[in-house]
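**Q** need a 3D model of the following:
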Amino acid sequence: MGTTTTFREVSASTVLCTIDDLIENAGVCALFDGPNGEEQIALYYLPAQSPSVYALNNWDPLGKANVLSRGILGSLNNTLVVASPLYKQHFSLVSGECLEDSTVKVKTYDVDVIDNKIVLQGQKEATASLSLDSPNSAA
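**A** Down below sits the predicted model:
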């Protein structure tokens, strides 16, 4: 059911896919060949929101698996979240913070929709500090 595609790095920004590759109100996984090796990026398309596309690292640091793209989307306390399909922890789509344990965060990425293409602008500075045992994250 899911599609995983590898894309090459392109200068300061990278085209991950097109808007047509995304599923409304759900997640998909894109493989990104970044400077630190291959990373799985979970992309979520919420057309009723602004912005409409959010990106997190696909690695669930508590479940220790690449599964966040398959999580359930929702809102808790006015925060857009994805619930991990493993242990059901909720991660903010904006900050990457785990709502049940504020010491745990997943990487978030800035993405833009440009001419119907999903363009990765980079990793957000504020949420890049903590990753737990990810096989594809920089230390």
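**Q** residue ranges in the protein under the pLDDT threshold?
**A** By pLDDT under 70, the weakly predicted segments of the chain are 1-12, 122-139.
**Q** excluding covalently adjacent residues, which one is nearest to I118?
**A** L16 (4.7 Å; CB to CB, 6 or more residues apart in numbering). All C-beta spots, glycine's among them, are computed from the backbone N, C-alpha and C.
**Q** same for the helix or strand containing that neighbour, what does it pack against?
**A** According to DSSP states H and E, L16 maps onto strand 14-18. Here strand 14-18 touches strand 6-7, strand 26-34, strand 37-45, strand 117-123, going by 3 or more CB pairs under 8 Å, 6 or more residues apart in numbering; DSSP states H and E.
**Q** need the ones you listed in a markdown table (columns: mean neighbour count and distance to E97).
**A** As requested, the helices and strands packed on strand 14-18 are exported to a markdown table (neighbours: other CB atoms under 10 Å; distance: least, CB to CB, whole Å):
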| stretch | mean neighbour count | distance to E97 |
| --- | --- | --- |
| strand 6-7 | 12 | 27 |
| strand 26-34 | 19 | 18 |
| strand 37-45 | 21 | 15 |
| strand 117-123 | 18 | 15 |
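**Q** look up phi and psi at the most centrally placed residue in the chain.
**A** For the chain, the residue nearest the mean C-alpha position is L56 (1.8 Å; CA atoms, centre = their mean). The phi/psi pair for L56 (degrees, to the nearest 10) reads phi -130, psi 160.
**Q** let me see the contact set for it.
**A** Counting by CB atoms under 8 Å, 6 or more residues apart in numbering, L56 makes contact with I41, A42, Y44, L68, V82, F91, L93, G96, V106, K107, T108, Y109.
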